[in-house]
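Participant: No sequence on hand, only this structure:
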């Protein structure tokens, strides 16, 4: 039973107290645990019926066991961030969290919970692999229990959320420099959201792109010369042969940068004459994707231009696809570079 051991900690505590006392006053934790089991096992109409909802097999820690990856991070001084399929959510810690003075490990676990809450409707029926740079939160989530009261309360919330929306969750470590949720957890918005469009497209639109590799689902923010587009729901990495031989444009979300660059590079290798790409990226020199695709003599991507921190290089878009030149998106919190593969 995936979360079974989490919901018997109150009973263990009571049994321990009974060794030294004739009478034991049930703790709030014990009552919560008993209420959970009564609901889960005693009510045949329960959404969490013990036979069909609570008993699950062991889920392997590895990409083959999961179809969704959720990045999360926490900042002790600011808040939390989470990224799923290129979509990012974040928030500041409220007063109640600050007053608890939680250890950073439990703040990281709370960030995982809040990220799962934000995306819960989309996670129904999924196996979710949480990628975090905190080993304490990782261990607690993978064990499914902890003896620390602060961690128990957060794990309770995660367990009940997973049971409600019918998703499984495990964790794997990711280095902090490769975690796209790091910036939003510290109040930095990153380089782009899906309702923004690159302001200086015409400066780099030669050759003229016909495919936008990273647009919104309905394409309303695709660049104006692009007659077709791909999105997080229809990822370009699944259509490499379709984009080969075309002039491409891409402004990938942070969580998808490595996959998008690899897809474009594979398309270029299929047709190096007809394929070219112009890509807008954050200049994050410590990331693995930067070292892989932009360092060394064999690197095929070349940097055309770099915008400094604070540049306003994006315009907001509305769902009808109209741009409002007077309504600029917030300034970038990192350097942004325009790079090219192939072409002139």
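Facilitator: On my side now, so go ahead. Remember, predicted model here, so these are calculated numbers, not experimental data.

Participant: which strands and helices sit next to the host helix or strand of residue 339?
Facilitator: In the assignment (DSSP states H and E), residue 339 maps to strand 336-341. Contacts defined by 3 or more Cβ pairs under 8 Å, 6 or more residues apart in numbering; DSSP states H and E place strand 336-341 against helix 257-270, strand 276-282, strand 302-307. Glycine gets a C-beta too; all of them are placed from N, C-alpha and C.

Participant: same thing but at 6 Å, please
Facilitator: For strand 336-341, the packing partners by 3 or more Cβ pairs under 6 Å, 6 or more residues apart in numbering; DSSP states H and E come out as strand 276-282, strand 302-307.

Participant: What strands flank it, and is each parallel or antiparallel?
Facilitator: strand 276-282 (antiparallel), strand 302-307 (antiparallel) (DSSP bridges).

Participant: correct me, but residue 124 touches residue 165?
Facilitator: Yes. Using Cβ atoms under 6 Å, residue 124 is in contact with residue 165, at 4.9 Å.

Participant: Of those two, which one has the most company?
Facilitator: More neighbours surround residue 165 than the other of residue 124 and residue 165, with 18 against 10 (other Cβ atoms under 10 Å).

Participant: Could I get the contacting residues of the more buried one?
Facilitator: Each residue near residue 165 by Cβ atoms under 6 Å, 6 or more residues apart in numbering is listed here: 120, 123-124.

Participant: do the same with residue 260
Facilitator: Taking Cβ under 6 Å, 6+ apart as the contact definition, residue 260 lies against 250, 252.

Participant: From residue 338, how far out is it?
Facilitator: Taking Cβ to Cβ, to the nearest Å as the measure, residue 260 falls 15 Å from residue 338.

Participant: next one: residue 296
Facilitator: Distance, residue 296 to residue 338, using Cβ to Cβ: 20 Å.

Participant: try residue 288
Facilitator: Taking Cβ to Cβ, one finds residue 288 at 21 Å from residue 338.

Participant: quick one, strands of the stretch 51-200 of the chain?
Facilitator: Using DSSP state E, counting those that start in this stretch, the strands of the stretch 51-200 of the chain run over residues 68-74, 79-84, 87-92, 127-132, 168-173, 196-198.

Participant: Could you do the stretch 201-344 of the chain as well?
Facilitator: When assigned using DSSP E, counting those that start in this stretch, the strands of the stretch 201-344 of the chain occupy the ranges 211-212, 228-229, 247-250, 276-282, 302-307, 314-317, 323-328, 336-341.
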